[in-house]
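**Student:** The sequence and its predicted three-dimensional model are supplied below.
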Amino acid sequence: MFLPQEKVAAFVEYDREHLGEHFLVHMRREHWVAADLGAF
């Protein structure tokens, strides 16, 4: 998604007022791709 420079400040203000807190989760692919599901 591209946001024009002139709209960044308004977006940041809206985000802070209306969308609440954010968080980011990082996972390494080998932790979930290599899971052994044969036991289920």
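**Tutor:** Structure received.
**Student:** mind listing the helices for this protein?
**Tutor:** For the chain, the helices defined by DSSP state H cover 5-14, 29-33.
**Student:** Correct me if wrong: L3 contacts F11.
**Tutor:** Yes - with contact defined as Cβ atoms under 8 Å, L3 reaches F11; the gap is 6.1 Å. C-beta here means a position set from N, CA and C on the backbone, and glycine is covered the same way.
**Student:** Now do the same for H26: its pLDDT.
**Tutor:** The per-residue pLDDT reported for H26 equals 80.
**Student:** Could you check how many residues crowd around it?
**Tutor:** For H26, the tally of surrounding residues (other Cβ atoms under 10 Å) stands at 4.
**Student:** Return the residues in contact with E17.
**Tutor:** Counting by Cβ atoms under 8 Å, 6 or more residues apart in numbering, E17 touches no other residue.
**Student:** how much space between it and P4?
**Tutor:** Taking Cβ to Cβ, to the nearest Å as the measure, E17 falls 20 Å from P4.
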